[in-house]
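*Asks:* Any chance you can model this:
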Amino acid sequence: MILLSLLLASCTKPVPIPEQTTAPLEPVMVGNRPGLHNVIRLNDHLLSGSSPEGEAGFRSLQDLGVKFIVSVDGAAPEVAMAAKFGMRYAHLPVGYDGIPADTALKLAKLFAMAEREGPVYVHCHHGTHRGPAAAVAGLRCRDGRCSAKQAVDFMKMAGTDPKYAGLYRDVEAMTANELAGVAGEFPPSVATVNNLVKQMVSVDERWDHVKLIRAAGWTTSKGHADLDPAHEVLQLREHFREAARLPETAKRPGEFQRLMSVGEELAGKLEDDLRGGKEKSDRETLFRLIGENCTACHREFRDRK
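*Replies:* Numbering: from 1, shown residues only. Okay, here's the model as predicted:
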């Protein structure tokens, strides 16, 4: 297990990288599995998709033969759960505005070293934007045989939204690197992210829950009995509030601070309505306005470089 040891330890000197043993990009849509969504097999050694949900998700990864998991999402990975199923994590968070060259190089080296041990699974939250982009960026950095057109076609297959121009730009611009001489520390299992990133990850997670509740007619969704409508919207409101109070937010432009306050106010009105408050509101209108507020924030502060 020499290669496994290399993955888990700091590289104090250059590590020999094995030659590529398969075509760099042969995408096959695997689709949804229990606890996984939008899974695509890029080649024999690499897959991308959504973050694994509970034991079902990790069991599905195990069934797919996965040995290493790379999260490019801001949320802390479930390292202990992965270990339970014989898998290890690396955490390399990236934004929607692009894939830094040094991150692509770390991914490329990981792919190369893990090649003889077993498949690597790269995920973001939903498995449609950052995860596929990071996976194919690492491939392009690993091996020049993966063309820009192949990479872009794969991202479109995965559903990567064209509005994330930075992801497409960086993947297209990526070039193959000489990995044999690259040294450095292997990515940690859980990376350190600032408090604002953590709060925005929580906002995204709660908003996903609210979408499920709305799809169920503003009641507890089948298959998600733990999601109490009013409580989930309360948590959404609290995450907006906490984000607005952070020191990192105080350093942001006034428009960012305003959008956090608007999100808190709208979520508060929706919560009040769900709890049967005196002031009745149009739930659908509030839902739409919260979504538009999030979109405006993403467009201005998250999606572009």
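*Asks:* Flag every buried residue along whichever strand or helix holds Ala83.
*Replies:* Assessed by DSSP states H and E, Ala83 sits inside helix 79-84. Of the residues in helix 79-84, Val79, Ala82 count as buried by neighbour count, 16 or more other C-beta atoms under 10 Å. Quick note: C-beta positions are derived from backbone N, CA and C, even for glycine.
*Asks:* where do the strands sit along this protein?
*Replies:* If DSSP state E is used as the criterion, the strands of the chain fall at 28-33, 36-43, 46-49, 68-71, 88-91, 120-123.
*Asks:* what helices or strands is the fifth one leaning on?
*Replies:* Using 3 or more C-beta pairs under 8 Å, 6 or more residues apart in numbering; DSSP states H and E as the contact criterion, the neighbours of strand 88-91 among helices and strands are helix 2-8, strand 68-71, helix 79-84.
*Asks:* need the contact list for Cys146.
*Replies:* Under the criterion of C-beta atoms under 8 Å, 6 or more residues apart in numbering, the neighbours of Cys146 are Pro24, Leu25, Val136, Leu139, Arg140.
*Asks:* Near the second one, how many residues? Count them for me, please.
*Replies:* When neighbours are defined as other C-beta atoms under 10 Å, Leu25 has 20 of them.
*Asks:* I'd like to know how far it sits from Leu46.
*Replies:* Plainly put, Leu25 is 9 Å away from Leu46 if you go by C-beta to C-beta, to the nearest Å.
*Asks:* shared neighbours of the two, which are they?
*Replies:* Counting by C-beta under 8 Å, 6+ apart, the residues touching both Leu25 and Leu46 are Leu139.
*Asks:* Could you list the low-pLDDT ranges of the stretch 1-150 of the chain?
*Replies:* Low-confidence segments of the stretch 1-150 of the chain, defined by pLDDT under 70, span residues 1-23.
*Asks:* cutoff 90 now
*Replies:* 1-26, 44, 73-76, 93-98, 100-103, 105-106, 108-118, 125, 141-146 (pLDDT under 90).
*Asks:* Surely Ser202 and Phe240 touch.
*Replies:* No - at 9.7 Å, Ser202 and Phe240 do not qualify as touching, with contact defined as C-beta atoms under 8 Å.
*Asks:* more neighbours, those two?
*Replies:* The neighbour comparison of Ser202 against Phe240 (other C-beta under 10 Å) goes to Phe240, with 28 against 19.
*Asks:* Give me the pLDDT for that one.
*Replies:* Per-residue confidence for Phe240 comes out at a pLDDT of 89.
*Asks:* Contacts only, for it.
*Replies:* Neighbours of Phe240 in contact, by C-beta under 8 Å, 6+ apart: Val203, Met260, Ser261, Gly263, Glu264, Ala267.
*Asks:* Ignoring the adjacent residues along the chain, who's closest to Val28?
*Replies:* Closest residue to Val28 apart from its sequence neighbours, by C-beta to C-beta, 6 or more residues apart in numbering: Arg41 at 4.7 Å.
*Asks:* Name all residues that make contact with the one you found.
*Replies:* Contacts were defined as C-beta under 8 Å, 6+ apart; by that measure Arg41 touches Glu26, Pro27, Val28, Val30, Leu47, Leu64.
*Asks:* okay, these in CSV with distance to Gln150 next?
*Replies:* Converted to CSV, the contacts of Arg41 look like this (distance: C-beta to C-beta, whole Å):
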residue, distance to Gln150
Glu26, 10
Pro27, 9
Val28, 14
Val30, 18
Leu47, 17
Leu64, 22
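*Asks:* Isn't Arg75 up against Glu205?
*Replies:* Careful, residue 75 is Ala; it's not Arg. Yes - between Ala75 and Glu205 there is a contact at 7.5 Å, judged by C-beta under 8 Å.
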